[in-house]
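1. need coordinates for the following:
(one chain, ligands or ions: 2)
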Amino acid sequence: TARLNSLSTYTEDEEMLRESVQRFANEVVGPKVREMDENEMMDPAVIKGLFDQGLMGIETSADHGGSESSFTSAIIAIEELARVDPSVSVVCDVHNTLVNTIFRKYGTKDQQDKWLPQLAENKLGSFCLSEPASGSDAFALQTRAKKDGSNWIINGSKMWITNSYEAEIFLIFANVDPAQGYKGITCFVATKDMGIQIAKKEQKLGIRASSTCTLNFDDLKVPEENVIGEVGKGYKIAIEILNEGRVGIAAQMVGLAQGAFDKAVPYTYQRSQFGQPIGTFQGMAFSIAKAAVDIESARLLTYNAARRKEEGKSFTKEAAMAKYWSSVVAQEVSGNAIEWAGGVGFTRETGIEKYWRDSKIGAIYEGTSNIQLNTIAKFVQKEYS
Ligand code: CAA
Ligand code: FAD
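-> Ligands and ions are numbered 1, 2, ... in the order given. Here you go, the predicted model:
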């Protein structure tokens with residue numbers, strides 16, 4: 001497929017990973033995309049395939065069963081999966097950039113030895129922060145944990161939890177001391193068999209194959225060795241991890257825009273009206289050219305944020321910019337792609353309309369577009385005042 005991708009700093013390993021993810025996405029995921037969307041259910045064979053391809057422990061060390069690759073590699077995998085199916089892409093994104101990273105960054109050696117190999121081999125993870133009454137205002141969460149001997153007892157509800165229908169490992173943020181405000185928030189790891197209840201599975205506009213559920217914790221008993229990081233430091237863990245996750249969502253939106261572009265643009269050179277290919281009318285050609293610029297700009301922002309993270313430089317502002325802009329571009333390009341293909345773009349058969357439905361989520365999860373703009377605005381104010 002014709003592709004726009006002129007970033008000049010991918011390593012050979014990263015290019016190899018890209019090719020293998022492309023192959024997996026095209027051959028294994030591609031034929032199932034429509035069915036999974038219509039059934040609102042991920043095919044278990046696809047999740048198994050992600051594990052078998054080594055895509056569920058991309059940055060995890062080889063000792064722990066992972067691929068020991070770069071953060072940029074994790075981002076490339078998300079982009080390439082999203083080009084074919086943004087739902088599959090977010091499964092991989094949450095599992096790697098949020099769940100695995102928390103263990104790698106904040107887990108003790110014992111916790112890493114215990115959890116990372118399972119997460120690389122076959123157990124899906126989810127990240128449970130949002131609640132019915134706290135989305136953007138995430139640190140106002142109402143889930144509580146109380147110490148009881150050598151256990152913590154967790155009570156509350158989480159809403160909108162990606163992967164949770166299939167997951168076995170759950171990172172749960174709960175407040176152990178509400179009097180301290182968000183400085184009581186603590187991160188726990190729990191497994192499904194400890195008694196996590198799925199209360200509701202959402203029916204959504206887009207990324208319909210990716211599960212999104214409400215979870216209830218009713219006296220969920222978690223041993224004290226399952227606290228990740230320090231008690232009271234969960235808020236910092238959550239937001240620092242989200243800074244990385246946001247680069248992942250930016251990549252998902254870049255891949256989505258690219259996927260819509262790749263599907264629609266060739267059609268515009270095959271289809272003729274008024275005796276000429278529709279893609280060669282200036283009105284069409286300029287719209288396509290502008291989309292090419294938009295995708296490239298979103299990609300450059302995304303990989304710049306990824307490289308800064310890898311180099312240990314500050315990247316919070318860059319991650320917010322990348323996520324904000326890629327979400328704008330994804331929606332714009334996928335919407336235009338429908339129009340470039342005319343009536344056939346509007347049918348479910350071509351799959352172009354699905355990209356547009358899927359694009360809406362970019363501006364909502366892992367911090368809405370306004371939350372990203374808040375972050376960017378704070379940096380600008382600090383730099384200019
Ligand atoms: N990076 C690092 N630290 C940050 C930060 C950032 N981007 N934003 C805030 N903080 C820190 C502050 O430094 C401060 O810490 P200290 O007290 O230790 O100094 C603390 O957080 C509180 O800061 P604020 O008072 O500025 O924060 P707030 O209460 O107004 O809002 C927030 C903070 C909840 C992080 C909010 O800005 C935010 O990001 N909301 C969106 C929540 C979100 O992204 N949820 C995603 C859920 S997961 C998901 O969605 C996964 C998926 O779909 C696939
Ligand atoms: P609200 O916070 O109520 O926001 C509604 C509107 O108000 C938005 O436009 C927002 O920008 C605006 N707004 C709110 N505050 C401000 C402000 N201060 N300034 C300007 N505007 C503001 N969460 C998890 O923890 N784990 C997951 O795996 C996960 N997966 C998700 C998957 C899906 C499909 C969805 C839909 C959500 C998921 N979420 C997950 C939750 C997601 O992170 C939240 O939906 C998101 O943070 C927004 O919260 P909210 O939906 O409560 O919207």
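2. rest of the way, CA atoms for contacts and neighbours
-> Will do.
3. after the helix or strand containing Ser327, next one along is what?
-> For Ser327, the host element (DSSP states H and E) is helix 316-340. Reading on from helix 316-340 to the C-terminus, the next helix or strand found by DSSP H and E is helix 343-346.
4. how about that next one: buried residues?
-> Within helix 343-346, the residues that count as buried by 16 or more other Cα atoms under 10 Å are 344-346.
5. would TSV of the residues you listed with distance to ligand 2 and pLDDT be doable?
-> Below are those laid out as TSV (distance: Cα to the nearest ligand atom, whole Å; pLDDT from 0 to 100):
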residue	distance to ligand 2	pLDDT
Val344	27	96
Gly345	24	97
Phe346	23	97
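6. need the helix or strand of the protein with the lowest average pLDDT.
-> helix 12-24 (a mean of 94; mean pLDDT, DSSP states H and E).
7. close to ligand 1: what parts of the stretch 251-385 of the chain are there?
-> Neighbours of ligand 1 within the stretch 251-385 of the chain, by Cα under 6 Å from any ligand atom: 316, 365-367, 371.
8. redo that, cut-off 8 Å
-> Residues of the stretch 251-385 of the chain lying near ligand 1 by Cα under 8 Å from any ligand atom: 316-317, 364-368, 371-372, 374-375.
9. would you turn those into CSV with pLDDT, distance to Asn151 and neighbour count?
-> Below are those laid out as CSV (pLDDT from 0 to 100; distance: Cα to Cα, whole Å; neighbours: other Cα atoms under 10 Å):
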residue, pLDDT, distance to Asn151, neighbour count
Thr316, 98, 35, 23
Lys317, 98, 38, 19
Ile364, 98, 35, 16
Tyr365, 98, 32, 15
Glu366, 98, 30, 22
Gly367, 98, 32, 22
Thr368, 98, 35, 19
Ile371, 98, 35, 17
Gln372, 98, 37, 24
Asn374, 98, 38, 13
Thr375, 98, 37, 17
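10. how about the strands in the stretch 151-300 of the chain?
-> Under the criterion DSSP state E, counting those that start in this stretch, the stretch 151-300 of the chain contains strands at 151-162, 169-175, 185-191, 197-201, 212-223, 227-228, 272-273, 276-277.
11. for the ones you listed, which one sits closest to Lys48?
-> Of all these, strand 169-175 sits nearest to Lys48, with 15.6 Å by Cα to Cα.
12. just how off-centre is the helix or strand hosting Lys378 within its chain?
-> Using DSSP H and E, Lys378 sits in helix 369-384. The chain centre lies 22 Å from the centre of helix 369-384; the measure is Cα atoms, centre = their mean, to the nearest Å.
13. and what of stretch 234-252?
-> For stretch 234-252 - counting by Cα atoms, centre = their mean - the centre lies 9 Å from the chain centre.
14. list the buried residues for that stretch?
-> 234-239, 241-252.
15. again, but for stretch 307-319
-> 307, 309, 315-319.
16. redo those as JSON lines? Include distance to ligand 2.
-> Formatted as JSON lines, the buried residues of stretch 307-319 follow (distance: Cα to the nearest ligand atom, whole Å):
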{"residue": "Arg307", "distance to ligand 2": "24"}
{"residue": "Lys309", "distance to ligand 2": "22"}
{"residue": "Phe315", "distance to ligand 2": "20"}
{"residue": "Thr316", "distance to ligand 2": "17"}
{"residue": "Lys317", "distance to ligand 2": "17"}
{"residue": "Glu318", "distance to ligand 2": "19"}
{"residue": "Ala319", "distance to ligand 2": "16"}
